[in-house]
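Participant: this one's sequence-less:
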């Protein structure tokens, strides 16, 4: 899980004419619907950077989960683990934390997540 480098990201992001067009389109989509957005495109085309830039510019925290074949549902929902005192406690997953706090969340490379993770996200 990675969080954006708020000011550093927004000051280092290069607003090319294409980036400005995509940023304008993304902003309009976000403003017009309460539903999540799905961004598709070639690898390394700037989808994640664009969302992180927009989050930083609008004062939102953006949490990223990079999915892969070993991603576990517990990364999203949480799990029980021992704290520093050896007591078993529930630690919320990144999705639960983001939803509770109203943060933006990027489910990066979702197509690489295992089937059980995708099914759990659809429940």
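Facilitator: Perfect, thanks for sending it. Bear in mind that the values here come from a model prediction, so they are computed numbers and not experimental data.

Participant: quick one: residue 96 and residue 77 touch, right?
Facilitator: Yes - under the contact definition of CB atoms under 8 Å, residue 96 touches residue 77, with a separation of 6.0 Å. C-betas here are computed from N, CA, C, even on glycine.

Participant: quick one: buried residues of the top helix by length along the chain?
Facilitator: As assigned by DSSP state H, the longest helix anywhere in the chain is helix 17-32. In terms of neighbour count (16 or more other CB atoms under 10 Å), helix 17-32 has its buried residues at 22-23, 26.

Participant: please report phi then psi for residue 44.
Facilitator: phi 60, psi 30 (degrees, to the nearest 10).

Participant: can you list contacts of the strand or helix carrying residue 89?
Facilitator: Here residue 89 sits within strand 88-92, counting by DSSP states H and E. Residues outside strand 88-92 that contact it (CB atoms under 8 Å, 6 or more residues apart in numbering) are 77-83, 100.

Participant: can you select the buried ones from those residues in ChimeraX?
Facilitator: Selecting only the buried entries of the contacts of strand 88-92 in ChimeraX, with 16+ other CB under 10 Å as the criterion:
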select :78
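
Participant: any stretches of the chain with poor pLDDT?
Facilitator: 1-11 (pLDDT under 70).

Participant: give me the residue at the spatial middle of it.
Facilitator: Centroid-nearest residue in the chain, with CA atoms, centre = their mean: residue 106, separated by 1.7 Å.

Participant: might you report the residue contacts of that one?
Facilitator: Here residue 106 is in contact with 48, 51-52, 62-65 (CB under 8 Å, 6+ apart).

Participant: nearest residue to it other than its sequence neighbours?
Facilitator: residue 64 (4.3 Å; CB to CB, 6 or more residues apart in numbering).

Participant: okay, now that neighbour: neighbour count?
Facilitator: When neighbours are counted by other CB atoms under 10 Å, residue 64 registers 17.

Participant: same deal with residue 56?
Facilitator: For residue 56, the neighbour count with other CB under 10 Å is 20.

Participant: touching, it and residue 49? I think so.
Facilitator: No - counting by CB under 8 Å, residue 56 does not reach residue 49; the two are 10.4 Å apart.
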